[in-house]
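next one to model:
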Amino acid sequence: MGKLLRINTREKKFTFEETPGAYAGLGGRALTSKMILDEVPATCHPLGKNNKLIFAPGIMSGSPAADSGRLSAGAKSPLTGGIKESNAGGLVSQKLARLGITGLILEDKPETDDYSMIVINKDGVEILPAGDLVKAGNYEIMEKLWAKYGKNTGILSIGQAGEQCLKGASIQQADMNGKPGRAHGRGGLGAVMGSKKIKAIVVDDKGAPRIEIKNPDAFKAANKRWVEMLRNHPVTGEGLPAMGTAVLVNVINEAGALPTKNFRTGRFEDVNKISGEFMAETIEKRGGITTEACHPGCVIKCSNVYHDKDGKYLTSGFEYETIWAFGAHTTISELDQIATLDRLCDDFGLDTIETGVTLGIAMEGGMIPWGDGKAAIELLSKVGEYAPEGKIIGSGAQFTGDALGVTRIPVVKKQAFPAYDPRSCKGQGVTYATTSMGADHTAGYGVTANILGVGGSIDPTKKEGNVELSQGLQIATAAIDAAGLCLFVAFAVLDNEDGLPTVAQMLNAQYGLELTPDDILELGKSILRNEKEFNKKAGFTKVDDQLPEFFQEEFSPHKTTWDFTLDDLQKTLDF
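Residues are numbered from 1 along each chain as shown. Alright, predicted model coming up:
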């Protein structure tokens, strides 16, 4: 059993402690959500001393299991006011696990404006001054820290948005090339890190022992089958490696669910200019990388590196959600402009979904013209300048909409919608409405059965079956997040009878347990119960589990509306 590393950010002191029984056997989202429920007052100010920022490697992180290197970050969200878990790839999760750290907890809050950085390695922990990194963007931070501590060192950092405690602020992780291409994006967790005056965290596992596997032969056999499943599935073995998540642009547009011009229609007339096919072609033409892992041991490899017109690096981890948010949602159709907006978000430390939707709200409110990529880049640049306009934009869609007098604001629990319209993908809409996280596609990816035909097929335009679809996916996703597995493994799990049993076999072999698939699903349910309980204590009610009223308007091309009642949606949480 690993240890908890608690760091008091006011006293600049740290302690290691044995993981108590209440947290024994937990990892990833299971640990962050349980600790937040137990240790964070639900009514506290998210930027105050009583909030905690928790990083937890998954239960399987650090092992040889394929695609098990995701790291969970959790806190009370400055954006939603509720519980938040945001996970990302990168290098940190596996390194923390190999150092025997089950959870890293940032506590309290400094009384001065001096920033610190934390260095963790096999010899212990250092809390060092970080004045030289203040006002630096994430690209500069990671370049400096890799130069000082070595390549392949795990880095977590905040940019200018986190320093300003903006509600859309992310925590960036160094990707495999030392760029800030992996993000704990959603929920404003970068603002929590900024409130605690931690500019960066360095994790170095050089010299640390390998993770103990109780039954190596059984683990090897189960992992072999696991890799086989992932490589043979058409989504994880073909579509995602070929075009990354941007493979979905044309698919979702064809399904009539690609939200365009602030959710007015489900199809974008310039879709071919921002499609995954066009992106992959552009990357190849310019000498970029179309297929890259987001963490060691990933076999799906859906990340990428995008170059500019001169063949120079522009951005990485250029994903479907980002392309949609800065593209169809705002009607910007120039892919290089969209990539530039992505780079700015990575550098400043901003969630691309929240920020892209926010720019659409700025267009809705007349702040900049629809489809004007240059104006969007200029406006977003204000965040890095610490300008008033940047403080508005960096605080998210709800804040910006309120400031501009806009009523058409696509949020749930004040978090912006991702790239699927809930009227043409109703299983996804149920997840947006009912997850404790605020509108979040990753909490229960209804696109699987609604559009992709994975795990069965459920009509995306009708109510029937979509509450049950979202419920099952939310339970399974919570368990996947706890394990430290990539969400995309769900495609293979849903389409293989031995998918979940294989996960159980790997866990059993690693820890010497006798878990069943039902035990894994029960873990998922317990996570959702903890998160719901926290939000209840924070003042959320079933009224918060619903979409904005403008979604009751008829939506083209399917002429659908959002027609779920509050009572319909509450059934999602009945388990």
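
what residues are up against residue 417?
Contacts here follow Cβ atoms under 8 Å, 6 or more residues apart in numbering; on that basis residue 417 touches 259, 263, 357, 410-411, 432, 439. Using the backbone N, CA and C atoms, a C-beta is placed for each residue, glycine as well.

roughly how far apart are it and residue 43?
Distance of residue 417 to residue 43, given as Cβ to Cβ, to the nearest Å: 27 Å.

now residue 533: closest residue in space, sequence neighbours ignored.
residue 37 (6.0 Å; Cβ to Cβ, 6 or more residues apart in numbering).

kindly report the same for residue 363.
That would be residue 370: by Cβ to Cβ, 6+ apart, it lies 4.8 Å from residue 363.

do residue 500 as well
Here the residue nearest residue 500, using Cβ to Cβ, 6+ apart, is residue 517, at 4.2 Å.

per-residue confidence at the residue lying farthest from the centre of the chain?
Going by Cα atoms, centre = their mean, the residue of the chain most distant from its centre is residue 217, 33.4 Å out. On the pLDDT scale, residue 217 is placed at 97.

and it, which helix or strand is it part of?
helix 216-232 (DSSP states H and E).

elements contacting that helix?
Counting by 3 or more Cβ pairs under 8 Å, 6 or more residues apart in numbering; DSSP states H and E, the packing neighbours recorded for helix 216-232 are helix 489-495, helix 499-511.

how about the helices of the stretch 151-300 of the chain, start to end?
With DSSP state H, counting those that start in this stretch as the criterion, the stretch 151-300 of the chain has helices at 160-163, 189-195, 216-232, 234, 240-243, 248-254, 276-286.

got the CA positions of the fifth one in CSV?
In other words, helix 240-243. Output of helix 240-243 as CSV, limited to C-alpha atoms (Å, rounded to 0.1, in the frame of the first residue of the first chain):
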residue,chain,number,x,y,z
LEU,A,240,-8.2,6.9,-33.5
PRO,A,241,-4.6,6.1,-34.5
ALA,A,242,-5.2,7.3,-38.0
MET,A,243,-6.8,10.7,-37.3
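
elements contacting that helix?
By 3+ Cβ pairs under 8 Å, 6+ apart, helix 240-243 packs against helix 276-286, strand 289-292.

just the CA coordinates for the shortest one, please, in PDB.
What that stands for is strand 289-292. Provided in PDB are the C-alpha atoms of strand 289-292 (Å, rounded to 0.1, in the frame of the first residue of the first chain):
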ATOM      1  CA  ILE A 289       3.200  13.600 -36.300                       C
ATOM      2  CA  THR A 290      -0.200  12.000 -36.900                       C
ATOM      3  CA  THR A 291       0.000   9.200 -34.400                       C
ATOM      4  CA  GLU A 292       1.500   9.600 -30.900                       C
END
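
what comes into contact with it?
176, 241-244, 280, 283-284, 301-305, 316.

mind giving me the ChimeraX select for those, buried ones only?
Selection of buried members from these for ChimeraX, criterion 16 or more other Cβ atoms under 10 Å:
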select :176,241,242,243,244,280,283,301,302,303,304,305,316
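
with the contacts of strand 289-292 in mind, which one is nearest to residue 427?
residue 302 (21.9 Å; Cβ to Cβ).

where along the stretch 101-250 of the chain do the strands fall?
101-107, 116-121, 124-129, 154-157, 171-173, 182-184, 198-203 (DSSP state E, counting those that start in this stretch).

now do the last one: distance to the chain's middle.
Computed by Cα atoms, centre = their mean, to the nearest Å, the chain-centroid distance of strand 198-203 equals 19 Å.

could you give the angle of that strand to strand 116-121?
Strand 198-203 and strand 116-121 are oriented at 10 degrees to each other (axes from the mean of the first three to the mean of the last three Cα atoms, to 10 degrees).

buried ones in strand 198-203, by neighbour count?
So for strand 198-203, counting by 16+ other Cβ under 10 Å, buried means 198-203.

before we move on, the earlier item: what strand or helix carries the residue nearest to residue 533?
helix 28-39.

who does that helix touch, helix- and strand-wise?
strand 53-57, strand 71-76, strand 83-88, strand 101-107, helix 466-483, helix 517-537.

on that earlier part again, which of the buried residues of strand 198-203 sit farthest apart?
199 and 203 (14.7 Å).

any low-confidence regions in the chain?
1 (pLDDT under 70).

what's the closest of the helices of the stretch 151-300 of the chain to residue 268?
Residue 268 lies closest, by Cβ to Cβ, to one member of those: helix 248-254, at 6.0 Å.

first vs last residue of stretch 199-210, how far apart are they?
Stretch 199-210 has its terminal residues 29 Å apart, counting by Cα to Cα, to the nearest Å.

that stretch: how far from the chain's middle?
For stretch 199-210, the distance to the chain centre is 22 Å (Cα atoms, centre = their mean).

hmm, residue 446 is touching residue 471, no?
No: between residue 446 and residue 471 there is no contact under Cβ atoms under 8 Å: 10.3 Å.

these two: who's more crowded?
residue 446 (26 against 22; other Cβ atoms under 10 Å).

no more questions from me, cheers.
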